[in-house]
Structures are given as structure tokens and as C-alpha cells.
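1. Everything below, folded, please.
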Amino acid sequence: MSRTYCELKTEIARLEAEAERVRQFELPTVIAELNLLIERYELAEAMIFGTIR
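-> Residues are numbered from 1 along each chain as shown. Presented below is the predicted three-dimensional model:
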């Protein structure tokens, strides 16, 4: 049985909301990992983002 357009749009909205909740949950860990790597490799802002911002 195929789903309707409206059902699919509802499912997409639900999945996008769930993805954002998971993103917010994972974000502190990701930031901590990035900070560790930046410190370990002595990276400067320009090395990561380039010189023009």
C-alpha cells in the first residue's frame, strides 16, 4: 500500500524534528571532540576556516 502525499509530508516533518533533537543531544560531544583535536594538533582559526571570513 502506498502512502499519500500528505502522509509522506507528515512523516518528513516528524523525521526532521527527530533529527534536530538528536543533533542537539550529540552537539556537546561533537564540540568537545573538536576542541580536543584543535588543541592536540595546535590548530589555528585560519587553518580551519581560512584567512578570509
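2. Show me where this structure dips below the pLDDT cut-off.
-> Counting by pLDDT under 70, the chain contains low-confidence ranges at 53.
3. Please, where are all the helices along this protein?
-> Using DSSP state H, the helices of the chain run over residues 5-40, 45-49.
4. which outside residues touch the shortest one?
-> Looking back up the chat, that one is helix 45-49. Residues external to helix 45-49 that are found in contact with it (C-beta atoms under 8 Å, 6 or more residues apart in numbering): residue 38. All C-beta spots, glycine's among them, are computed from the backbone N, C-alpha and C.
5. What about residue 38, how many residues nearby?
-> Per other C-beta atoms under 10 Å, the neighbour tally for residue 38 reads 14.
6. what's the nearest residue to it if we skip its chain neighbours?
-> Distances taken as C-beta to C-beta, 6 or more residues apart in numbering place residue 48 nearest to residue 38, at 7.5 Å, with adjacent residues excluded.
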